[in-house]
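Visitor: quick check, what structure comes out for this input:
(chains A, B, C and D)
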Protein chains: 2
Amino acid sequence: MTDGVAERSRPRDRILETAQDMFHKHGIKGVGVDAITEAAGTNKMTLYRHFESKDELVVECLRATAAKASRMWDEFEAQHPGDKLAQLHAWVRKASELLSADSRGCDMANAAVELTETDHPARRVIKELKEAQREKLVALCHDAGIGQAELLADTLSLLLEGARVSMQSVGAEGPSAQFVRMAESLIASFRAR
Amino acid sequence: MTDGVAERSRPRDRILETAQDMFHKHGIKGVGVDAITEAAGTNKMTLYRHFESKDELVVECLRATAAKASRMWDEFEAQHPGDKLAQLHAWVRKASELLSADSRGCDMANAAVELTETDHPARRVIKELKEAQREKLVALCHDAGIGQAELLADTLSLLLEGARVSMQSVGAEGPSAQFVRMAESLIASFRAR
DNA sequence: TCTGGAAGTTACAGACCGGTAACACCCTAG
DNA sequence: CTAGGGTGTTACCGGTCTGTAACTTCCAGA
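Guide: You can find the predicted model right below:
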């Protein structure tokens, strides 16, 4: 009954996975450590033996989700080896799939909105991870033979970020519904230069 | 000393104004009613005589900020009477000004991120107000003589929404720095059809 | 079989949260 | 001058929050 997450894994892993899920669904300030440990089938003491504070748990969760997102790049390379342009289109397709499958947007962006304390430990890693993602997309655009790679990458980033937050305020039938169309015609117009 | 907001206005107005400011800066769940009333130079009882709950206060704050944003449209019309295309460019310029002046983004979008409870009274008004804003921008694009007015308006919306949330995670030097450039070349390419 | 460390349990501290009751005050309209 | 409504003050309620202490239980490895 207490088995929300696979029972036969280490408590630390269960806590991390459960916390990721609950922070994602309900927000960081919307979930207490008691609720996390209960859903993970463990207890508060065990959580504080593995994470020195809730803030540090948040940081670990963000790193974990970023690592998962980072693995998608490997899939693109595996699906279209060497074909960077195809990988860029795969990126667009994947982004729209994730938009359709989940309406709570990006954990890092959401965390940045929630955690307004300027010295919160999560803010630093959010910036780092987002910058790393940006560099990857810039490189992909560049290797795909696009001239203004940075500008295209940044525009696509803003479109996706906007789509994810727009879904949360106006829903999936709002402007975000046109994301693929916007992204594809953007890529086309950049390639035409 | 307790005079954060003009002392010689009605308590209700001071509370509303102070709450807007504090919710904007620190988030909704990051601010308690005690802190609001203290900053407004009044007390909790007075707050609860004018607003039936914190949630309702949040709703009123969102309506107030939306009303303020709505007034900007009148400025555009006053500055460029009848010239809808010039008003559209004024919209872009104003948006970028606000981006530079404030890094905490859109109150409604931020609230949608924070308030994950699906039945929260604010969610309804966020959707209504965002839809109203969308219709205004679509109408402006349409009246400016742009063919695919909805698509341009939605794309501009996502870009702006993305810029506002991107600033909060990666800062002002990130992708959002290129917002004006992106928006202007988008408008140009839509006009060229 | 024994032992040591990881995990679970219970209870608690101290702070903060949203919200309310009872009462004193002050200022203005009549 | 007086009545009454808006406001301020104090104290409180029940609940939740992060984080800790002290203790017990369990289990794997030697």
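
Visitor: chain neighbours aside, what residue packs nearest to A:Met182?
Guide: Residue nearest to A:Met182 in three dimensions, not counting chain neighbours: B:Thr155, with 5.1 Å by C-beta to C-beta, 6 or more residues apart in numbering or on different chains. Every C-beta, even on glycine, is put in place using the N, C-alpha and C of the backbone.

Visitor: burial measure for the residue of chain A found nearest DNA strand D, as a count.
Guide: In chain A, the residue found nearest to DNA strand D is A:Gly32; the distance is 2.9 Å by C-beta to the nearest atom of the strand. Applying other C-beta atoms under 10 Å in any protein chain shown, we find 13 residues neighbouring A:Gly32.

Visitor: one more: the one 3 residues further on?
Guide: Using other C-beta under 10 Å as the criterion, A:Ala35 is surrounded by 14 other residues.

Visitor: which element is it on?
Guide: helix A:33-39 (DSSP states H and E).

Visitor: for the residue of chain A closest to DNA strand D, give me the backbone phi and psi.
Guide: In terms of degrees, to the nearest 10, the main-chain angles of A:Gly32 are phi -100, psi 160.

Visitor: confidence score at it?
Guide: pLDDT, A:Gly32: 98.

Visitor: next: A:Leu140.
Guide: Per-residue confidence (pLDDT) for A:Leu140: 98.

Visitor: can you tell me which residues in chain A are near DNA strand C?
Guide: By C-beta under 7 Å from any atom of the strand, the residues of chain A that approach DNA strand C are A:Arg10, A:Pro11, A:Arg12, A:Gly41, A:Thr42, A:Asn43, A:Lys44, A:Met45, A:Thr46, A:Arg49, A:His50.

Visitor: among those residues, which are in helices?
Guide: Per DSSP state H, helices hold the following members of the residues of chain A next to DNA strand C: A:Pro11, A:Arg12, A:Lys44, A:Met45, A:Thr46, A:Arg49, A:His50.

Visitor: which of those residues are buried?
Guide: In those, burial by neighbour count holds for A:Pro11, A:Arg12, A:His50, counting by 16 or more other C-beta atoms under 10 Å in any protein chain shown.

Visitor: can I get those residues in CSV with pLDDT and distance to chain B?
Guide: As requested, those are arranged in CSV below (pLDDT from 0 to 100; distance: C-beta to the nearest C-beta, whole Å):
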residue, pLDDT, distance to chain B
A:Pro11, 95, 26
A:Arg12, 97, 26
A:His50, 98, 26
